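*Asks:* task: produce atomic coordinates for the following.
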Amino acid sequence: MKLAICFLIMLQVLLPAEEMEVRQYRLSEMEFGMVFRSLEKEELREREILVEKPGFESRFFEGGGSWHDCTKRVAAILRDEEFSGTALLDREMGKLVMKAEEADHEDFATMVRVELPRQLRLKAAVYEVPGVVSGMRSVALSQKAEGTKLLGEISLVALPGQTGQAQTAGGELKIETEMQIDANDGIAEIRATISGRPRGVEFSMKSGFTIPLGMPWVVELGSVTGGKSLAMVVGVDSILLDGTREDAWVLKEEGGEFLRERRLREIKKFEFPEQEGEFREYAVPPTFLTFITTDSGDGGEGDPDPFAADPAVDEERRPDEPPLYRGKHKELAGVGLVYDIETLLKQNGVSFREGDFAVFSKLKGRIYAKLSVIEQELLAGITNGGETYIPRMIRFDFEQVDGEGAVLRKLGGLALPGQTATVSLGEDLKVELEAQIDAYDSILETRFKLTESGGDLERPSLQTGVVLQNGISSVVQTAFSGERKSWRLTATIVAVEDVVGSYLEGAK
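*Replies:* All right, here's what the predicted structure looks like:
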């Protein structure tokens with residue numbers, strides 16, 4: 001026994017120690033209580049003392065404040081009796097400053113966030129821009145290029161999954177929308193109708209979008225005259241109860257909105273690098289354990305329990321959770337709170353050698369496993385359902401050109417595969433389009449109606465369906481009446497992570 005204890009002590013010494021860092025959370029006493037109340041340990045709050053002077057230095061203490069030591073409440077939320085950090089709460093300002101290891105910060109932030117109501121704010125700004133661009137306009141429009149004029153903007157806050165609408169007092173701009181946050185927790189899925197007549201420029205757009213939270217997205221609507229174009233910049237932010245953007249509710253000592261920057265970087269890559277060897281990391285959905293749990297179905301005592309644990313070791317575990325993992329390994333340094341899923345994976349045919357392990361981080365949506373290479377391949381097959389879907393949209397550009405190829409008029413927009421999008425400019429020009437991407441991501445099948453007079457799609461100038469090569473324009477109609485004019489259509493598959501990559505490159 002003494003030898004085993006000495007070995008564990010030596011192992012902990014050899015494992016890399018995490019450095020403490022300081023972060024500030026915008027968290028009111030009411031919100032803190034929402035997270036903490038379910039633990040039924042209200043007496044901890046009553047024991048919190050007022051600290052005369054914080055025990056560590058931070059820019060977040062500048063300007064004073066009344067700081068109560070809430071370290072025990074944070075430890076209870078983390079379910080970590082050995083929590084080594086320090087947490088101070090200013091109840092009047094609604095700020096919590098914590099010095100702790102990075103893994104504890106990450107777990108605390110995630111646990112708090114999932115308990116707080118979330119709202120989405122959609123903002124649309126309409127610009128008049130010089131010239132007409134053939135194809136897609138660069139995301140750099142959001143940087144306000146020379147000659148760009150803001151015609152109007154409007155925003156709306158709504159709950160995920162619920163409809164909302166707003167308009168300016170004079171009706172110059174109007175939004176009707178329904179928004180949702182997808183499973184990646186960083187992408188907003190939107191159906192919206194945005195219309196109006198800002199400064200006399202009439203337009204309407206009805207479509208669906210799949211865009212990253214916290215990043216502007218450019219939608220060029222087109223041109224009526226060929227001299228100037230109308231473009232719209234759309235953005236969605238996740239908003240907390242006090243109106244704070246979720247990207248700004250946690251701050252690091254060195255400054256910057258690291259939550260936003262990290263999320264955009266993750267969207268840009270959207271997949272893990274190729275991993276080899278006996279330790280690997282897998283992305284899985286939050287419902288992964290439910291999907292692979294085995295059950296004999298009779299509800300009897302013989303049903304296997306993949307979450308069985310020693311009650312003496314894990315008294316606070318909820319019935320629907322696997323046991324917390326208590327082991328220490330250098331590979332798991334910094335991953336935070338994880339659950340032991342060895343029993344569950346054994347029931348699905350995965351074998352473990354002495355010293356192997358498999359743990360699940362529900363907060364991060366990750367499995368970390370040390371197994372033989374052949375067992376890793378089996379686990380990879382089991383986790384295929386957790387592969388991340390890369391959101392895509394279809395950019396369409398209708399351009400009317402003269403006999404020399406100069407652009408006379410243009411209509412453009414975005415559509416989700418299989419959904420209808422409608423765009424109109426002025427009183428006459430209007431298009432309705434539905435498009436789909438084929439299995440090889442190189443062909444787009446489209447059906448559309450386009451009108452050049454009166455904006456009445458019941459009496460279209462052109463109605464047909466065509467198959468297009470991704471990103472290659474094709475003439476869909478030619479007419480001669482005093483001068484030759486042609487309509488050409490370009491349909492382009494837009495992968496969200498590619499646009500995010502361009503945006504991050506431009507922001508450097």
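*Asks:* where in the stretch 401-508 of the chain is pLDDT low?
*Replies:* Under the criterion of pLDDT under 70, the regions of the stretch 401-508 of the chain flagged as low confidence span 439, 507-508.
*Asks:* and the strands in it?
*Replies:* Secondary structure of the stretch 401-508 of the chain (DSSP state E, counting those that start in this stretch): strands located at 407-415, 420-425, 429-437, 443-451, 462-469, 474-480, 484-495.
*Asks:* just the helices in this structure please.
*Replies:* Per DSSP state H, the chain carries helices over the ranges 2-14, 29-36, 43-46, 71-78, 102-115, 258-269, 288-292, 342-347, 373-382, 496-507.
*Asks:* so which of the ones you listed comes closest to residue 396?
*Replies:* helix 496-507 (15.8 Å; CB to CB). Heads up, the C-betas are built off the backbone N, CA and C, glycines and all.
*Asks:* what's the angle from that closest one to strand 484-495?
*Replies:* Using axes from the mean of the first three to the mean of the last three CA atoms, to 10 degrees, one finds that helix 496-507 and strand 484-495 are set 90 degrees apart in direction.
*Asks:* what residues of helix 496-507 count as buried?
*Replies:* Judged by neighbour count using 16 or more other CB atoms under 10 Å, the buried positions of helix 496-507 are 496, 497, 499, 500, 501, 503.
*Asks:* for the strands of the stretch 401-508 of the chain, give me CSV that also has mean neighbour count.
*Replies:* Listed next are the strands of the stretch 401-508 of the chain as CSV, based on neighbours: other CB atoms under 10 Å:
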stretch, mean neighbour count
strand 407-415, 23
strand 420-425, 21
strand 429-437, 21
strand 443-451, 19
strand 462-469, 14
strand 474-480, 13
strand 484-495, 18
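*Asks:* okay, these in TSV with distance to residue 399 next?
*Replies:* Output for these, formatted as TSV (distance: least, CB to CB, whole Å):
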stretch	distance to residue 399
strand 407-415	5
strand 420-425	13
strand 429-437	12
strand 443-451	12
strand 462-469	13
strand 474-480	10
strand 484-495	5
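*Asks:* among these, which is nearest residue 375?
*Replies:* When the strands of the stretch 401-508 of the chain are compared by CB to CB, strand 484-495 sits nearest residue 375, at 33.4 Å.
*Asks:* got the angle for the closest one vs strand 429-437?
*Replies:* Orientation note: strand 484-495 sits at an angle of 40 degrees relative to strand 429-437 (the same axes, to 10 degrees).
*Asks:* how much space between residue 485 and residue 398?
*Replies:* The gap separating residue 485 from residue 398 is 12 Å, by CB to CB, to the nearest Å.
*Asks:* about what we covered before: the helices of the chain: which one's closest to residue 150?
*Replies:* For these, proximity to residue 150 was assessed by CB to CB; helix 496-507 is nearest, at 19.8 Å.
*Asks:* helices and strands around that closest one, which ones?
*Replies:* With contacts defined as 3 or more CB pairs under 8 Å, 6 or more residues apart in numbering; DSSP states H and E, helix 496-507 has these neighbours: strand 203-212, helix 258-269.
*Asks:* could you measure from the closest residue in space to residue 117 that isn't next to it in sequence over to residue 452?
*Replies:* Excluding its sequence neighbours, the residue lying closest to residue 117 (CB to CB, 6 or more residues apart in numbering) is residue 241, at 6.4 Å. Relative to residue 452, residue 241 is positioned 49 Å away (CB to CB).
*Asks:* which one of those two is surrounded by more residues?
*Replies:* Shown here are residue 241 and residue 452; by other CB atoms under 10 Å, residue 452 has more neighbours (17 against 14).
*Asks:* surely that one and residue 477 touch.
*Replies:* No: taking contact to mean CB atoms under 8 Å, the distance of 10.3 Å between residue 452 and residue 477 leaves them out of contact.
*Asks:* and the helices and strands packed on helix 496-507, which is most packed in?
*Replies:* Ranked by average neighbour count under the criterion mean count of other CB atoms under 10 Å, those are headed by strand 203-212 at a mean of 21.
*Asks:* note down every partner strand of that strand and its orientation.
*Replies:* Using DSSP bridges, the strands paired with strand 203-212 are strand 187-196 (antiparallel), strand 420-425 (antiparallel).
*Asks:* quick check: mean pLDDT of stretch 339-352?
*Replies:* For stretch 339-352, mean pLDDT rounds to 91.
*Asks:* any idea how far apart the tips of that stretch sit?
*Replies:* Taking CA to CA, to the nearest Å, stretch 339-352 runs 16 Å from one end to the other.
*Asks:* also stretch 379-393?
*Replies:* End-to-end distance of stretch 379-393 (CA to CA): 32 Å.
*Asks:* for stretch 246-256, same thing?
*Replies:* The separation between the terminal residues of stretch 246-256, taken as CA to CA, is 13 Å.
*Asks:* again with stretch 166-173
*Replies:* As for stretch 166-173, its first-to-last residue distance stands at 8 Å under the measure CA to CA.
*Asks:* roughly how far is that stretch from the heart of the chain?
*Replies:* Using CA atoms, centre = their mean, to the nearest Å, we find the averaged C-alpha position of stretch 166-173 to lie 29 Å away from the chain's own average C-alpha position.
*Asks:* just the buried residues of it, please?
*Replies:* By neighbour count with 16+ other CB under 10 Å, stretch 166-173 contains the buried residues 172, 173.
*Asks:* ok, residues contacting it?
*Replies:* Contacts to stretch 166-173, defined as CB atoms under 8 Å, 6 or more residues apart in numbering, come from residues 124, 126, 152-156, 174-175, 194-199.
*Asks:* on that earlier part again, so for residue 437, which of the helices of the chain sits nearest?
*Replies:* Distances from residue 437 to each of those were compared using CB to CB; the shortest belongs to helix 496-507, at 13.8 Å.
*Asks:* isn't residue 419 right next to residue 433, touching?
*Replies:* No: here residue 419 does not reach residue 433: they are 9.8 Å apart, not a contact under CB under 8 Å.
*Asks:* which among the helices and strands packed on helix 496-507 is found nearest to residue 357?
*Replies:* Distance to residue 357, taken as CB to CB, is lowest for helix 258-269 among those, at 25.3 Å.
*Asks:* dump the helices of the chain to JSON lines, plus distance to residue 211.
*Replies:* What follows is these, written out as JSON lines (distance: least, CB to CB, whole Å):
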{"stretch": "helix 2-14", "distance to residue 211": "45"}
{"stretch": "helix 29-36", "distance to residue 211": "28"}
{"stretch": "helix 43-46", "distance to residue 211": "40"}
{"stretch": "helix 71-78", "distance to residue 211": "32"}
{"stretch": "helix 102-115", "distance to residue 211": "21"}
{"stretch": "helix 258-269", "distance to residue 211": "10"}
{"stretch": "helix 288-292", "distance to residue 211": "26"}
{"stretch": "helix 342-347", "distance to residue 211": "36"}
{"stretch": "helix 373-382", "distance to residue 211": "31"}
{"stretch": "helix 496-507", "distance to residue 211": "7"}
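*Asks:* and the spatially closest residue to residue 67 that is not a sequence neighbour, what are its bridge partners?
*Replies:* The shortest distance from residue 67 to any residue other than its chain neighbours is 4.1 Å, reached at residue 88 (CB to CB, 6+ apart). Beta-bridge pairing of residue 88, defined through DSSP bridges, involves residue 69, residue 97.
*Asks:* residue 88 contacts residue 70, doesn't it?
*Replies:* Yes: here residue 88 reaches residue 70: they are 6.9 Å apart, a contact under CB under 8 Å.
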